[in-house]
Each structure stands twice: as C-alpha cells, then as structure tokens.
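Novice: got a predicted model here, sequence first, then my questions.
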Amino acid sequence: MKLGLQLGYWGAQPPQGVGELVAAAEEAGFDAIFTAEAWGSDAFTPLAWWGRETSRVRLGTSIVQMSGRTPTSIAMHALTLDHLTGGRVILGMGVSGPQVVEGWYGQPFEKPLARTREVVSIIRKVLAREAPVTNEGPHHPLPYRGPGSVGLGKPLKPIVHPLRPDLPIWLGAEGPKNVAQTAEIADGWIPIFYTPRSAGMYQPWLDEGFARPGARRTRADFEISATCHLQVVDGAEQKQAVIDAMKPFVSLYMGGMGAKEQNFHTQVFTRMGYGELAGQVQDLYLSGEKDKATALIPDELVDDMHIIGTAGEVRERVAQWEETGVTTLLLSCRSATEVRQIAELLA
C-alpha cells in the first residue's frame, strides 16, 4: 500500500507551510500528493504551484467538481499539467452535490450517473486524440446545437498532443450504483468515509462494475485511495484528545454538508449503520446547534474512520486498511516532521 499526502482545499486563507509538507513527502517516499476543491480554492492551481518543486510524486486531484468546468476544459487542465510534470497527473473527479452544483455553479444536478459517464467519455476522447471530439449525449452535446446556438460549432481535436492518452481517471463515488459505475469506467476510486469496518459493504458494488462488459480494469489493477487522519500518540489520554478534536469534522459531514432532503454523506453514514444517529446529528446541525451535534459523535466511529494510536497500534491498523484492498492511504499531516515520522514508522 502506498502513502499519499492529502492537502485538501483552503479555508478562509491560504495555508502556510505547504511547500515544506510537499518537500517532506517527496523526500520521505510518499507516492502522491492530492489537492481538493469546494467553493473557494480550486484543485489544479495549488497542485501546479506546489508540485513544480517535485520530480517523483504523482499529483492528483481529489476531487475536481465536474460541474465547475466543461469536460473538454477539464481535459485541457489535465493534459497541460501532465506535460508540465512529465506524466505524473491523476485526474480525480466527482459530481459534488446539488447544493454546490446548482447554488454555486448554476448547473442542473439531475442524472449524476449519466453525466459522469458522459464526462469521462469525452475526456478520454480528448486524451486519445484519434478524431475530432463529438458527443451525442444530452448533458454535454458536442458540437452544441441547442437553444442560443448560432450553428457554427465544429468538432475539434486538441492542438496539444496529450503526453498520455491513458492518463488515469479516478472517481469519487458513494452510493451502490455510482461505485459500480466507477469500477466499470474508471482507473481508480476515491471513497469517502471508507473504513475497515465498512469495507465489506462496498465489495459487491465493485464486483458488479468489474463484471460489466467493457470494464477498463479488474480488481488486480484498480486503485482504491482512501482518506483518513493518521496520528501517532503516546497513550490513551492523548488518543482521546485527538478523537475529540476530530469529532467536529465528522459532525460537519454527517449533518451539515447538504440539505435535509438530500445529503449523500448522511446516506453513507446510514449505510454504515448509523442511520438514527445521522438523523439526530443532522437535525441539530441544521438548526444551528453544532456543539450538541458534535457531542453525539461516538468515539468508536471516529476511531474506525481514522488511524490514531501508539506506533504499534498504527502499524496494526494500517495493515487492516491494506487488507481491505486499499492501494493508497491518503493522509492529512500537520507538519513535515509528522510526514517523516509516518514514513519512517510505516517504511
């Protein structure tokens, strides 16, 4: 199992010390660094900025929101960065949610499965550069001939010859149908809230996708990149403090990331067996009682979602994640010292 450094997306201000983190990850033998986007910083620019000082680590997005750019625009970003980095880009994408897609990007959220398939197909056509790119699908028709069209659109091939026509595409997916489709059409999967305890739930969904005619990958060469917080502690007291510090993030995703009527993250927790708790946390969070919502998060849930313990416990827990099929563990680290410590511990 490989290690990746998850830089995430920015808060109110750009983070400090990221260059040191990236340099430490490269030096310590991490396989990749990843950046994300929500509705503030984008995923591509920080990856290009901090990645320019690297020469070995893979550079991934986790995730690019599909509705924020047209498929051909996403392909342009990816092929450009892939050239600049000598073929080290992993294009991680996802559909996000209706609150962001319709509220921030002003795009319809309907039919996310069909849209995902169409986006991936178009990007692969751009990267293959075998013919001018066309698409008959309803979500991203190329050329566009709908309302407002002047009728002059023509199919085009990218001017730049892509460095890799098979640039890896990973997808963020949460539900059964989406995970199965990811196993069918993508090169890797970026799950959210994947844990050793919940891993068994996903296996039939993945197997369904691998078994479909024309599936790109098999379980043997498909990558699963799971995100968690890993921290080595001295003992039980320090572990409890870390668990308590992580609970606000769990309650945010369980109760605050989405509307009451549709919250994909809440649905994941429900599938994990926390349906009643998720409903209570969501009610409190959406009513503004965030502290009360956070107080409901049980220690064992945080402990399952993350890797927190003594050095020996961390090694044991990492082995458990690897046994479930995780090929890359994406870690959020706070300092270059921590990056080096984790790399040395896990060798």
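Specialist: Great, that's in hand. Numbering: from 1, shown residues only.
Novice: so what's the most centrally placed residue in the chain scoring on pLDDT?
Specialist: Nearest to the mean C-alpha position of the chain, by C-alpha atoms, centre = their mean, lies Ser62 at 3.5 Å. pLDDT recorded at Ser62 is 94.
Novice: settle this for me: it is touching Gly188, isn't it.
Specialist: No - judged on C-beta atoms under 8 Å, Ser62 makes no contact with Gly188 at a distance of 10.1 Å. Every C-beta, even on glycine, is put in place using the N, C-alpha and C of the backbone.
Novice: list residues touching both of the two?
Specialist: Contact with both Ser62 and Gly188 is made by residues 92, 170, 225, according to C-beta atoms under 8 Å, 6 or more residues apart in numbering.
Novice: quick one: buried residues of the helix or strand encompassing the last one?
Specialist: So that's Ser225. Using DSSP states H and E, Ser225 sits in strand 223-228. Buried residues in strand 223-228, counted by 16 or more other C-beta atoms under 10 Å: 223-228.
Novice: can you give the contact residues for that strand?
Specialist: By C-beta under 8 Å, 6+ apart, strand 223-228 touches 4, 6, 34, 60, 62, 92, 168, 170, 187-192, 194-195, 305-307, 321, 325-332.
Novice: tell me the buried residues in whatever helix or strand Thr182 lives in?
Specialist: Element membership for Thr182 (DSSP H and E) is helix 176-185. Along helix 176-185, these residues count as buried under the neighbour rule (16+ other C-beta under 10 Å): 178-185.
Novice: can I get those residues in TSV with pLDDT and distance to Pro112?
Specialist: Shown next, in TSV, are the buried residues of helix 176-185 (pLDDT from 0 to 100; distance: C-beta to C-beta, whole Å):
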residue	pLDDT	distance to Pro112
Asn178	96	7
Val179	97	13
Ala180	98	14
Gln181	98	10
Thr182	98	12
Ala183	98	16
Glu184	98	15
Ile185	98	14
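Novice: pull the CA atoms of stretch 229-241 into PDB?
Specialist: Output of stretch 229-241 as PDB, limited to C-alpha atoms (Å, rounded to 0.1, in the frame of the first residue of the first chain):
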ATOM      1  CA  HIS A 229      -6.200  11.200   9.500                       C
ATOM      2  CA  LEU A 230      -3.300   9.300  10.900                       C
ATOM      3  CA  GLN A 231      -1.600  10.300  14.100                       C
ATOM      4  CA  VAL A 232       0.800   8.600  16.500                       C
ATOM      5  CA  VAL A 233       0.100   9.200  20.200                       C
ATOM      6  CA  ASP A 234       1.800   8.400  23.400                       C
ATOM      7  CA  GLY A 235      -1.200   6.700  25.100                       C
ATOM      8  CA  ALA A 236      -4.900   6.600  25.800                       C
ATOM      9  CA  GLU A 237      -5.200  10.200  27.100                       C
ATOM     10  CA  GLN A 238      -3.600  11.700  24.100                       C
ATOM     11  CA  LYS A 239      -5.600   9.500  21.800                       C
ATOM     12  CA  GLN A 240      -8.800  10.700  23.400                       C
ATOM     13  CA  ALA A 241      -7.800  14.300  22.800                       C
END
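Novice: next one: that stretch to chain centre, how far?
Specialist: With C-alpha atoms, centre = their mean, to the nearest Å as the basis, stretch 229-241 stands 26 Å off its chain's centre.
Novice: okay, buried residues for that stretch please.
Specialist: Neighbour counts over stretch 229-241 (16+ other C-beta under 10 Å) mark 229-233, 239 as buried.
Novice: let me have these in CSV, extended by distance to Thr80, secondary structure and pLDDT.
Specialist: Output for those, formatted as CSV (distance: C-beta to C-beta, whole Å; DSSP: H, G, I helix; E, B strand; the rest coil; pLDDT from 0 to 100):
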residue, distance to Thr80, secondary structure, pLDDT
His229, 32, coil, 91
Leu230, 32, strand, 93
Gln231, 36, strand, 92
Val232, 38, strand, 93
Val233, 42, coil, 94
Lys239, 44, helix, 96
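Novice: of all the residues you listed, which comes closest to Glu53?
Specialist: Nearest to Glu53 among the buried residues of stretch 229-241, counting by C-beta to C-beta, is Leu230 at 23.8 Å.
Novice: hang on, isn't the closest one packed against Leu331?
Specialist: Yes - with contacts counted by C-beta under 8 Å, Leu230 reaches Leu331, the gap being 4.9 Å.
Novice: find residues that contact each of the two.
Specialist: Ile342.
Novice: can you put the shared contacts of Ser62 and Gly188 in TSV and add distance to Gln280 and pLDDT?
Specialist: As requested, the shared contacts of Ser62 and Gly188 are exported to TSV (distance: C-beta to C-beta, whole Å; pLDDT from 0 to 100):
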residue	distance to Gln280	pLDDT
Gly92	32	98
Trp170	33	98
Ser225	31	97
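Novice: now render the residues you listed as CSV, adding distance to Val268.
Specialist: Shown next, in CSV, are the shared contacts of Ser62 and Gly188 (distance: C-beta to C-beta, whole Å):
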residue, distance to Val268
Gly92, 18
Trp170, 18
Ser225, 16
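Novice: measure how buried Thr134 is and give me the count.
Specialist: Per other C-beta atoms under 10 Å, the neighbour tally for Thr134 reads 13.
Novice: for it, give me its contacts.
Specialist: 142-143, 155.
Novice: whichever of these end up buried, select them in PyMOL.
Specialist: Buried members of the contacts of Thr134, defined by 16+ other C-beta under 10 Å, are picked up in PyMOL with:
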select buried, resi 142
